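Engineer: no FASTA, just this:
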(Lines give C-alpha, C1' and ligand atoms only; values in the text may rest on other atoms or scores of the structure.)
Protein backbone atom coordinates (compact mmCIF):
# COMPACT_ATOMS: atom_id res chain seq x y z
CA UNK A 1 0.00 0.00 0.00
CA UNK A 2 1.65 3.17 -1.20
CA UNK A 3 0.03 6.02 0.67
CA UNK A 4 1.58 9.16 2.10
CA UNK A 5 1.23 8.44 5.80
CA UNK A 6 1.00 11.07 8.47
CA UNK A 7 4.36 11.47 10.18
CA UNK A 8 4.61 11.68 13.95
CA UNK A 9 8.36 12.31 14.09
CA UNK A 10 9.31 15.02 16.54
CA UNK A 11 5.99 14.87 18.40
CA UNK A 12 5.27 13.84 21.99
CA UNK A 13 2.54 11.38 22.99
CA UNK A 14 1.03 11.93 26.42
CA UNK A 15 -0.37 8.86 28.21
CA UNK A 16 0.71 7.39 31.53
CA UNK A 17 4.11 8.73 30.51
CA UNK A 18 5.38 11.06 27.82
CA UNK A 19 6.85 9.48 24.70
CA UNK A 20 9.10 11.61 22.52
CA UNK A 21 8.99 10.23 18.97
CA UNK A 22 12.57 10.03 17.66
CA UNK A 23 12.15 8.49 14.20
CA UNK A 24 10.72 5.68 12.09
CA UNK A 25 11.96 2.19 12.91
CA UNK A 26 10.11 0.22 10.21
CA UNK A 27 6.98 0.39 8.07
CA UNK A 28 4.39 -2.39 7.82
CA UNK A 29 1.33 -2.46 5.51
CA UNK A 30 -1.09 -0.86 8.00
CA UNK A 31 1.24 0.14 10.85
CA UNK A 32 4.35 2.28 11.22
CA UNK A 33 6.75 1.51 14.08
CA UNK A 34 8.42 4.54 15.65
CA UNK A 35 11.40 4.79 17.99
CA UNK A 36 10.51 6.75 21.10
CA UNK A 37 12.07 7.84 24.40
CA UNK A 38 9.94 7.50 27.51
CA UNK A 39 10.09 10.60 29.70
CA UNK A 40 11.30 11.39 32.28
CA UNK A 41 13.20 8.11 32.54
CA UNK A 42 14.66 8.05 29.02
CA UNK A 43 13.80 4.40 28.37
CA UNK A 44 13.76 3.41 24.70
CA UNK A 45 10.33 2.29 23.52
CA UNK A 46 8.59 1.23 20.30
CA UNK A 47 5.34 2.94 19.29
CA UNK A 48 3.13 0.97 16.86
CA UNK A 49 1.03 3.64 15.13
CA UNK A 50 -1.93 2.47 13.03
CA UNK A 51 -2.53 4.10 9.66
CA UNK A 52 -5.72 2.48 8.39
CA UNK A 53 -8.35 5.01 9.52
CA UNK A 54 -7.49 7.41 6.72
CA UNK A 55 -8.12 4.84 3.97
CA UNK A 56 -10.76 2.32 5.18
CA UNK A 57 -14.47 2.68 6.00
CA UNK A 58 -15.58 3.13 9.59
CA UNK A 59 -16.82 -0.47 9.87
CA UNK A 60 -13.42 -1.81 8.85
CA UNK A 61 -11.65 0.59 11.20
CA UNK A 62 -13.80 -0.63 14.11
CA UNK A 63 -12.90 -4.25 13.38
CA UNK A 64 -9.20 -3.43 13.25
CA UNK A 65 -9.52 -1.38 16.43
CA UNK A 66 -10.99 -4.44 18.18
CA UNK A 67 -8.02 -6.49 17.02
CA UNK A 68 -5.63 -3.85 18.31
CA UNK A 69 -7.37 -3.83 21.69
CA UNK A 70 -7.19 -7.61 21.95
CA UNK A 71 -3.41 -7.39 21.70
CA UNK A 72 -3.37 -5.85 25.18
CA UNK A 73 -4.68 -9.14 26.62
CA UNK A 74 -2.06 -11.44 25.12
CA UNK A 75 0.86 -12.72 27.15
CA UNK A 76 3.31 -14.89 25.26
CA UNK A 77 7.13 -15.06 25.11
CA UNK A 78 6.95 -14.62 21.33
CA UNK A 79 4.70 -11.53 21.41
CA UNK A 80 5.88 -8.07 22.37
CA UNK A 81 4.02 -7.08 25.54
CA UNK A 82 1.76 -4.05 25.29
CA UNK A 83 2.83 -1.49 27.91
CA UNK A 84 0.55 1.39 26.95
CA UNK A 85 -2.30 2.19 24.60
CA UNK A 86 -3.73 5.44 23.31
CA UNK A 87 -5.09 7.55 20.48
CA UNK A 88 -3.60 10.64 18.89
CA UNK A 89 -5.06 12.64 16.00
CA UNK A 90 -7.53 9.86 15.27
CA UNK A 91 -4.89 7.10 15.08
CA UNK A 92 -4.65 4.34 17.68
CA UNK A 93 -1.27 3.09 18.83
CA UNK A 94 0.40 0.59 21.13
CA UNK A 95 3.60 1.05 23.11
CA UNK A 96 6.02 -1.85 23.64
CA UNK A 97 9.61 -2.19 24.74
CA UNK A 98 12.17 -1.32 22.09
CA UNK A 99 13.58 -4.35 20.29
CA UNK A 100 16.52 -5.02 18.03
CA UNK A 101 15.62 -7.53 15.35
CA UNK A 102 15.65 -8.43 11.68
CA UNK A 103 12.54 -9.65 9.89
CA UNK A 104 12.39 -13.31 8.94
CA UNK A 105 12.12 -12.40 5.27
CA UNK A 106 15.21 -10.17 5.45
CA UNK A 107 17.16 -12.93 7.23
CA UNK A 108 16.19 -15.45 4.56
CA UNK A 109 17.22 -13.03 1.82
CA UNK A 110 20.63 -12.58 3.43
CA UNK A 111 21.31 -16.17 4.56
CA UNK A 112 19.27 -18.42 2.30
CA UNK A 113 16.99 -21.28 3.36
CA UNK A 114 16.72 -22.15 7.03
CA UNK A 115 17.76 -25.54 8.39
CA UNK A 116 15.05 -28.03 9.42
CA UNK A 117 15.77 -27.43 13.11
CA UNK A 118 15.31 -23.69 12.59
CA UNK A 119 11.99 -24.27 10.84
CA UNK A 120 10.93 -26.58 13.67
CA UNK A 121 11.94 -23.98 16.23
CA UNK A 122 9.98 -21.33 14.30
CA UNK A 123 6.91 -23.55 14.00
CA UNK A 124 7.01 -24.35 17.72
CA UNK A 125 6.87 -20.66 18.62
CA UNK A 126 4.19 -19.86 16.04
CA UNK A 127 2.01 -22.69 17.33
CA UNK A 128 2.20 -21.17 20.80
CA UNK A 129 1.30 -17.73 19.44
CA UNK A 130 -1.72 -19.04 17.51
CA UNK A 131 -3.03 -21.00 20.49
CA UNK A 132 -2.63 -18.06 22.87
CA UNK A 133 -4.19 -15.59 20.42
CA UNK A 134 -7.25 -17.72 19.75
CA UNK A 135 -7.85 -18.13 23.45
CA UNK A 136 -7.75 -14.35 23.76
CA UNK A 137 -10.46 -14.01 21.10
CA UNK A 138 -8.62 -13.81 17.77
CA UNK A 139 -9.83 -15.84 14.82
CA UNK A 140 -7.49 -14.54 12.13
CA UNK A 141 -3.94 -13.40 12.85
CA UNK A 142 -2.74 -12.32 9.37
CA UNK A 143 0.72 -13.82 9.90
CA UNK A 144 3.47 -13.14 7.40
CA UNK A 145 7.26 -13.49 7.20
CA UNK A 146 7.57 -9.72 6.81
CA UNK A 147 6.02 -9.22 10.24
CA UNK A 148 8.00 -11.88 12.14
CA UNK A 149 11.07 -10.45 13.85
CA UNK A 150 14.13 -12.51 14.78
CA UNK A 151 15.48 -11.16 18.06
CA UNK A 152 18.12 -13.92 18.36
CA UNK A 153 19.28 -15.35 15.05
CA UNK A 154 21.48 -18.00 16.69
CA UNK A 155 18.58 -19.49 18.63
CA UNK A 156 15.96 -18.45 16.03
CA UNK A 157 13.89 -16.65 18.65
CA UNK A 158 11.01 -14.59 17.26
CA UNK A 159 8.94 -11.62 18.40
CA UNK A 160 5.62 -10.46 16.97
CA UNK A 161 3.91 -7.11 17.13
CA UNK A 162 0.15 -6.45 17.03
CA UNK A 163 -1.78 -9.39 15.58
CA UNK A 164 -4.89 -9.50 13.43
CA UNK A 165 -4.23 -6.27 11.51
CA UNK A 166 -5.25 -7.30 7.99
CA UNK A 167 -7.91 -6.54 5.37
CA UNK A 168 -10.43 -8.79 3.62
CA UNK A 169 -11.08 -8.91 -0.11
CA UNK A 170 -14.08 -6.61 -0.03
CA UNK A 171 -12.26 -4.21 2.26
CA UNK A 172 -9.33 -4.01 -0.13
CA UNK A 173 -11.67 -3.77 -3.10
CA UNK A 174 -13.35 -0.76 -1.50
CA UNK A 175 -10.08 1.16 -1.15
CA UNK A 176 -9.96 4.30 -3.25
CA UNK A 177 -6.89 6.25 -4.24
CA UNK A 178 -4.58 3.62 -2.75
CA UNK A 179 -2.06 1.49 -4.65
CA UNK A 180 -2.35 -2.00 -3.20
CA UNK A 181 0.89 -3.96 -2.74
CA UNK A 182 1.34 -7.74 -2.34
CA UNK A 183 2.12 -7.29 1.36
CA UNK A 184 -1.60 -6.80 2.00
CA UNK A 185 -2.48 -10.18 0.48
CA UNK A 186 0.29 -12.58 1.50
CA UNK A 187 -1.83 -14.00 4.33
CA UNK A 188 -4.79 -14.93 2.10
CA UNK A 189 -5.20 -18.72 1.54
CA UNK A 190 -5.43 -20.00 -2.06
CA UNK A 191 -8.86 -21.61 -1.76
CA UNK A 192 -10.36 -18.16 -1.15
CA UNK A 193 -9.68 -17.21 -4.77
CA UNK A 194 -11.14 -20.11 -6.75
CA UNK A 195 -14.82 -19.17 -6.80
CA UNK A 196 -14.02 -15.52 -7.54
CA UNK A 197 -11.79 -16.48 -10.48
CA UNK A 198 -14.49 -18.79 -11.87
CA UNK A 199 -17.06 -16.02 -11.51
CA UNK A 200 -14.83 -13.57 -13.36
CA UNK A 201 -14.17 -16.09 -16.14
CA UNK A 202 -17.89 -16.77 -16.62
CA UNK A 203 -18.62 -13.04 -16.72
CA UNK A 204 -15.86 -12.55 -19.28
CA UNK A 205 -17.29 -15.39 -21.39
CA UNK A 206 -20.80 -13.91 -21.31
CA UNK A 207 -19.39 -10.52 -22.18
CA UNK A 208 -17.53 -12.02 -25.12
CA UNK A 209 -20.64 -13.73 -26.47
CA UNK A 210 -22.62 -10.50 -26.34
CA UNK A 211 -19.93 -8.38 -28.01
CA UNK A 212 -19.66 -7.91 -31.79
CA UNK A 213 -17.07 -9.95 -33.63
CA UNK A 214 -14.74 -7.02 -34.10
CA UNK A 215 -14.68 -6.43 -30.34
CA UNK A 216 -14.05 -10.00 -29.31
CA UNK A 217 -10.28 -9.60 -29.06
CA UNK A 218 -10.45 -6.77 -26.58
CA UNK A 219 -13.28 -8.34 -24.60
CA UNK A 220 -11.24 -11.41 -23.72
CA UNK A 221 -8.30 -9.47 -22.34
CA UNK A 222 -8.19 -9.71 -18.54
CA UNK A 223 -8.83 -6.57 -16.52
CA UNK A 224 -5.63 -6.38 -14.51
CA UNK A 225 -6.85 -3.70 -12.12
CA UNK A 226 -10.08 -5.61 -11.39
CA UNK A 227 -8.21 -8.87 -10.86
CA UNK A 228 -5.76 -7.10 -8.60
CA UNK A 229 -8.48 -6.00 -6.21
CA UNK A 230 -11.02 -8.81 -6.54
CA UNK A 231 -8.84 -11.71 -5.44
CA UNK A 232 -7.04 -10.33 -2.43
CA UNK A 233 -8.92 -11.70 0.56
CA UNK A 234 -11.18 -14.47 1.67
CA UNK A 235 -14.92 -14.26 0.94
CA UNK A 236 -15.33 -16.34 4.07
CA UNK A 237 -14.41 -13.33 6.18
CA UNK A 238 -15.90 -10.59 4.06
CA UNK A 239 -19.36 -10.51 5.68
CA UNK A 240 -18.13 -10.91 9.24
CA UNK A 241 -18.54 -8.19 11.80
CA UNK A 242 -15.97 -8.10 14.56
CA UNK A 243 -12.96 -10.20 15.43
CA UNK A 244 -14.95 -13.00 17.06
CA UNK A 245 -16.94 -13.79 13.90
CA UNK A 246 -14.16 -13.89 11.34
CA UNK A 247 -13.20 -17.48 12.01
CA UNK A 248 -16.83 -18.59 12.31
CA UNK A 249 -17.36 -17.63 8.65
CA UNK A 250 -14.53 -19.86 7.45
CA UNK A 251 -15.30 -22.46 4.78
CA UNK A 252 -13.88 -25.23 6.93
CA UNK A 253 -15.18 -25.39 10.46
CA UNK A 254 -13.23 -26.83 13.33
CA UNK A 255 -14.09 -27.52 16.94
CA UNK A 256 -10.54 -26.86 18.07
CA UNK A 257 -10.06 -23.28 19.24
CA UNK A 258 -6.75 -23.10 17.38
CA UNK A 259 -8.00 -24.98 14.33
CA UNK A 260 -8.80 -22.09 12.00
CA UNK A 261 -7.69 -23.18 8.54
CA UNK A 262 -6.54 -19.73 7.43
CA UNK A 263 -4.05 -19.48 10.27
CA UNK A 264 -2.86 -23.01 9.51
CA UNK A 265 -2.25 -21.88 5.93
CA UNK A 266 -0.40 -18.77 7.09
CA UNK A 267 1.88 -20.83 9.33
CA UNK A 268 2.45 -23.42 6.58
CA UNK A 269 3.31 -20.64 4.11
CA UNK A 270 5.80 -19.19 6.59
CA UNK A 271 7.46 -22.58 7.13
CA UNK A 272 7.56 -23.12 3.36
CA UNK A 273 9.21 -19.73 2.93
CA UNK A 274 11.68 -20.50 5.73
CA UNK A 275 12.76 -23.79 4.12
CA UNK A 276 12.91 -22.41 0.55
CA UNK A 277 13.72 -18.73 1.13
CA UNK A 278 10.79 -18.01 -1.19
CA UNK A 279 7.05 -17.57 -0.70
CA UNK A 280 4.98 -20.39 -2.24
CA UNK A 281 3.18 -17.90 -4.52
CA UNK A 282 4.56 -14.38 -4.16
CA UNK A 283 7.89 -13.81 -5.89
CA UNK A 284 10.06 -10.75 -5.55
CA UNK A 285 8.40 -8.96 -8.48
CA UNK A 286 4.97 -10.60 -8.43
CA UNK A 287 1.93 -8.50 -9.28
CA UNK A 288 -1.35 -9.26 -7.56
CA UNK A 289 -3.29 -10.19 -10.68
CA UNK A 290 -0.79 -12.89 -11.66
CA UNK A 291 -0.59 -14.22 -8.11
CA UNK A 292 -4.38 -14.39 -7.86
CA UNK A 293 -4.52 -16.58 -10.95
CA UNK A 294 -1.70 -18.79 -9.65
CA UNK A 295 -3.41 -19.19 -6.29
CA UNK A 296 -6.62 -20.42 -7.90
CA UNK A 297 -5.20 -22.59 -10.67
CA UNK A 298 -1.75 -23.88 -9.72
CA UNK A 299 -0.05 -25.54 -6.79
CA UNK A 300 3.24 -24.14 -5.51
CA UNK A 301 6.51 -25.83 -6.36
CA UNK A 302 7.27 -28.65 -3.96
CA UNK A 303 9.93 -27.90 -1.38
CA UNK A 304 11.98 -30.91 -2.45
CA UNK A 305 12.37 -29.41 -5.94
CA UNK A 306 13.72 -26.14 -4.53
CA UNK A 307 16.11 -27.38 -1.85
CA UNK A 308 17.69 -30.64 -0.76
CA UNK A 309 15.48 -31.73 2.12
CA UNK A 310 13.94 -34.89 3.51
CA UNK A 311 10.84 -35.93 1.50
CA UNK A 312 8.85 -36.39 4.70
CA UNK A 313 9.37 -32.73 5.65
CA UNK A 314 8.40 -31.52 2.17
CA UNK A 315 5.28 -33.69 2.07
CA UNK A 316 4.15 -32.52 5.51
CA UNK A 317 4.39 -28.82 4.68
CA UNK A 318 2.76 -29.22 1.26
CA UNK A 319 -0.11 -31.17 2.80
CA UNK A 320 -0.95 -28.31 5.16
CA UNK A 321 -0.37 -25.68 2.47
CA UNK A 322 -2.46 -26.87 -0.44
CA UNK A 323 -5.95 -27.37 1.01
CA UNK A 324 -8.14 -26.13 3.87
CA UNK A 325 -7.71 -28.46 6.82
CA UNK A 326 -9.49 -28.95 10.09
CA UNK A 327 -6.21 -29.75 11.79
CA UNK A 328 -4.83 -27.32 14.33
CA UNK A 329 -1.44 -25.68 14.21
CA UNK A 330 -0.48 -27.92 17.13
CA UNK A 331 -1.12 -30.97 14.94
CA UNK A 332 0.95 -29.40 12.20
CA UNK A 333 3.76 -29.00 14.72
CA UNK A 334 3.50 -32.64 15.80
CA UNK A 335 3.56 -33.90 12.19
CA UNK A 336 6.48 -31.66 11.27
CA UNK A 337 8.48 -32.74 14.32
CA UNK A 338 7.86 -36.39 13.44
CA UNK A 339 9.15 -35.74 9.90
CA UNK A 340 12.39 -34.19 11.19
CA UNK A 341 15.37 -36.33 12.15
CA UNK A 342 16.59 -36.75 15.72
CA UNK A 343 19.38 -34.19 15.31
CA UNK A 344 16.98 -31.47 14.15
CA UNK A 345 14.64 -32.15 17.05
CA UNK A 346 17.55 -32.05 19.49
CA UNK A 347 18.86 -28.77 18.07
CA UNK A 348 15.42 -27.22 18.30
CA UNK A 349 15.18 -28.36 21.92
CA UNK A 350 18.60 -26.90 22.70
CA UNK A 351 17.65 -23.59 21.07
CA UNK A 352 14.70 -23.29 23.43
CA UNK A 353 17.07 -23.16 26.42
CA UNK A 354 18.36 -19.64 26.79
CA UNK A 355 21.34 -20.60 28.94
CA UNK A 356 22.94 -22.85 26.31
CA UNK A 357 25.77 -21.47 24.19
CA UNK A 358 24.65 -20.29 20.74
CA UNK A 359 27.67 -21.98 19.16
CA UNK A 360 25.87 -25.32 19.58
CA UNK A 361 23.20 -24.16 17.15
CA UNK A 362 25.13 -23.48 13.96
CA UNK A 363 23.49 -24.14 10.62
CA UNK A 364 24.33 -27.56 9.09
CA UNK A 365 26.79 -26.18 6.56
CA UNK A 366 28.57 -24.15 9.24
CA UNK A 367 28.62 -27.12 11.57
CA UNK A 368 30.06 -29.30 8.80
CA UNK A 369 32.78 -26.71 8.19
CA UNK A 370 33.50 -26.64 11.89
CA UNK A 371 33.74 -30.44 12.00
CA UNK A 372 36.22 -30.42 9.10
CA UNK A 373 38.27 -27.78 10.88
CA UNK A 374 38.21 -29.85 14.05
CA UNK A 375 39.37 -32.94 12.13
CA UNK A 376 42.24 -31.01 10.56
CA UNK A 377 43.42 -29.67 13.89
CA UNK A 378 42.97 -33.07 15.52
CA UNK A 379 45.50 -34.58 13.13
CA UNK A 380 47.96 -31.77 13.80
CA UNK A 381 47.51 -32.07 17.54
CA UNK A 382 47.97 -35.86 17.38
CA UNK A 383 51.34 -35.58 15.64
CA UNK A 384 52.36 -32.72 17.93
CA UNK A 385 51.65 -34.90 20.96
CA UNK A 386 53.72 -37.75 19.51
CA UNK A 387 56.62 -35.40 18.74
CA UNK A 388 56.42 -33.91 22.22
CA UNK A 389 56.42 -37.38 23.74
CA UNK A 390 59.59 -38.32 21.87
CA UNK A 391 61.25 -35.06 22.90
CA UNK A 392 60.35 -35.63 26.53
CA UNK A 393 61.62 -39.20 26.39
CA UNK A 394 64.95 -38.15 24.87
CA UNK A 395 65.38 -35.31 27.35
CA UNK A 396 64.55 -37.56 30.28
CA UNK A 397 66.99 -40.23 29.11
CA UNK A 398 69.78 -37.68 28.69
CA UNK A 399 69.06 -36.08 32.07
CA UNK A 400 68.98 -39.40 33.89
CA UNK A 401 72.17 -40.48 32.16
CA UNK A 402 73.99 -37.39 33.45
CA UNK A 403 72.74 -37.45 37.01
CA UNK A 404 72.71 -41.14 37.62
CA UNK A 405 75.69 -42.21 35.44
CA UNK A 406 77.00 -45.70 36.48
CA UNK A 407 80.52 -46.09 37.88
CA UNK A 408 83.17 -46.54 35.22
CA UNK A 409 85.57 -49.08 36.66
CA UNK A 410 88.20 -48.26 34.06
CA UNK A 411 88.31 -44.64 35.27
CA UNK A 412 89.29 -45.64 38.83
CA UNK A 413 92.94 -44.64 39.35
CA UNK A 414 95.44 -47.16 40.57
CA UNK A 415 95.62 -47.08 44.34
CA UNK A 416 98.93 -47.82 45.97
CA UNK A 417 98.48 -48.24 49.72
CA UNK A 418 101.28 -47.68 52.09
CA UNK A 419 103.52 -50.71 52.55
CA UNK A 420 102.68 -52.24 55.78
CA UNK A 421 103.09 -55.56 57.29
CA UNK A 422 100.80 -58.05 55.63
CA UNK A 423 99.89 -55.81 52.66
CA UNK A 424 101.26 -57.11 49.43
CA UNK A 425 98.44 -56.44 46.91
CA UNK A 426 98.23 -53.47 44.49
CA UNK A 427 94.87 -52.46 42.95
CA UNK A 428 94.88 -51.45 39.30
CA UNK A 429 92.25 -49.78 37.09
CA UNK A 430 91.68 -53.11 35.44
CA UNK A 431 90.55 -54.47 38.72
CA UNK A 432 93.30 -57.04 38.76
CA UNK A 433 95.62 -57.32 41.66
CA UNK A 434 99.39 -57.59 41.62
CA UNK A 435 101.34 -59.41 44.18
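Structural biologist: Received, thanks. Computed from a predicted structure; not experimentally measured.

Engineer: could you confirm residue 37 falls within a helix?
Structural biologist: No - counting by DSSP: H, G, I helix; E, B strand; the rest coil, residue 37 falls outside a helix, being strand.

Engineer: residue 45 is in contact with that one, correct?
Structural biologist: Yes - look at residue 37 against residue 45 with CB atoms under 8 Å: they come within range, at 7.2 Å. Quick note: C-beta positions are derived from backbone N, CA and C, even for glycine.

Engineer: what sits in contact with each of those two?
Structural biologist: Shared contacts of residue 37 and residue 45 (CB atoms under 8 Å, 6 or more residues apart in numbering): residue 19.

Engineer: doesn't residue 317 make contact with residue 272?
Structural biologist: Yes - under the criterion of CB under 8 Å, residue 272 makes contact with residue 317 at 5.4 Å.

Engineer: who has more neighbours, those two?
Structural biologist: More crowded of residue 272 and residue 317, by other CB atoms under 10 Å: residue 317, with 30 against 25.

Engineer: please identify which of residue 37 and residue 45 sits among more neighbours.
Structural biologist: Between residue 37 and residue 45, counted using other CB under 10 Å, the more crowded position is residue 45 (22 against 17).

Engineer: quick one: which helix or strand includes the more buried one?
Structural biologist: Assigned by DSSP states H and E, residue 45 belongs to strand 43-50.

Engineer: C-terminal to that strand, what's the next element?
Structural biologist: For strand 43-50, the succeeding helix or strand toward the C-terminus, using DSSP H and E, is helix 58-70.

Engineer: that following helix to strand 43-50, inter-axis angle?
Structural biologist: 150 degrees (axes from the mean of the first three to the mean of the last three CA atoms, to 10 degrees).

Engineer: who are the packing partners of helix 58-70?
Structural biologist: Other elements packing on helix 58-70 under the criterion 3 or more CB pairs under 8 Å, 6 or more residues apart in numbering; DSSP states H and E are strand 91-97, helix 243-246.

Engineer: wait, residue 316 sits on residue 333?
Structural biologist: No - using CB under 8 Å, residue 316 is not in contact with residue 333, being 10.3 Å away.

Engineer: and residue 382, how far is that from residue 389?
Structural biologist: According to CB to CB, to the nearest Å, residue 382 and residue 389 sit 11 Å apart.

Engineer: ah, wrong one, I meant residue 266
Structural biologist: 62 Å.

Engineer: who has more neighbours, these two?
Structural biologist: The residue with more neighbours, out of residue 266 and residue 389, is residue 266; 25 against 10, by other CB under 10 Å.

Engineer: and that one, what does it touch?
Structural biologist: 141-144, 187, 189.

Engineer: mind redoing it with 7 Å?
Structural biologist: 141, 143, 187 (CB atoms under 7 Å, 6 or more residues apart in numbering).

Engineer: just these: which has the poorest pLDDT?
Structural biologist: The member of those with the lowest pLDDT is residue 187, at 81.

Engineer: phi and psi next, for that residue.
Structural biologist: phi -90, psi 0 (degrees, to the nearest 10).

Engineer: quick check, it in contact with residue 166.
Structural biologist: Yes - counting by CB atoms under 7 Å, residue 187 touches residue 166, with 5.7 Å between them.

Engineer: what do residue 272 and residue 317 both touch?
Structural biologist: With CB under 7 Å, 6+ apart as the test, residue 272 and residue 317 both reach residue 303.

Engineer: tell me where this structure is predicted with low confidence.
Structural biologist: 1-17, 169-170, 173, 192-260, 284-298, 325-326, 354-375, 401-435 (pLDDT under 70).

Engineer: quick one: the strands in the stretch 101-250 of the chain?
Structural biologist: Assigned by DSSP state E, counting those that start in this stretch, the stretch 101-250 of the chain shows strands spanning 102-103, 148-152, 157-160.

Engineer: what's around residue 126, how many residues?
Structural biologist: The number of residues packed near residue 126 is 24, by other CB under 10 Å.

Engineer: how close does it sit to residue 181?
Structural biologist: Distance, residue 126 to residue 181, using CB to CB: 24 Å.

Engineer: ditto for residue 265
Structural biologist: Residue 265 is 20 Å from residue 181, where distance means CB to CB.

Engineer: ok, now residue 67?
Structural biologist: Taking CB to CB, one finds residue 67 at 20 Å from residue 181.

Engineer: all strands for the stretch 301-435 of the chain, in order.
Structural biologist: 426-427, 433-434.

Engineer: for residue 96, what are its contacts?
Structural biologist: Residue 96 is in contact with 46, 48, 80-83, counting by CB under 7 Å, 6+ apart.

Engineer: excluding chain neighbours, what is closest to residue 82?
Structural biologist: Leaving aside its chain neighbours, residue 82 sits nearest to residue 72 (4.6 Å; criterion: CB to CB, 6 or more residues apart in numbering).

Engineer: is it fair to say the one you found lies in a strand?
Structural biologist: No - judged by three-state DSSP, residue 72 forms no part of a strand; its state is helix.

Engineer: can you start the count at 29 instead of 1 from here on
Structural biologist: That works, and once the first residue is 29, the last one we named lands at residue 100.

Engineer: report how many residues lie close to it.
Structural biologist: Residue 100 sits with 15 neighbouring residues when counted by other CB under 10 Å.

Engineer: hang on, isn't it packed against residue 112?
Structural biologist: No - Residue 100 sits out of contact with residue 112 when judged by CB under 7 Å, with a separation of 9.3 Å.

Engineer: which neighbours do the two share?
Structural biologist: Joint contacts of residue 100 and residue 112 (CB under 7 Å, 6+ apart) do not exist.

Engineer: who's residue 116 bridged to?
Structural biologist: Judged by DSSP bridges, the bridge partners of residue 116 are residue 119.

Engineer: do you know how far it is from residue 75?
Structural biologist: 10 Å.

Engineer: please identify which of the two sits among more neighbours.
Structural biologist: residue 75 (23 against 18).

Engineer: where do the helices sit along the stretch 329-463 of the chain?
Structural biologist: Counting by DSSP state H, counting those that start in this stretch, the stretch 329-463 of the chain has helices at residues 331-334, 339-350, 357-367, 370-380, 392-431.

Engineer: the second one to helix 357-367, inter-axis angle?
Structural biologist: Same thing as helix 339-350. Relative orientation of helix 339-350 and helix 357-367, computed by the same axes, to 10 degrees: 160 degrees.
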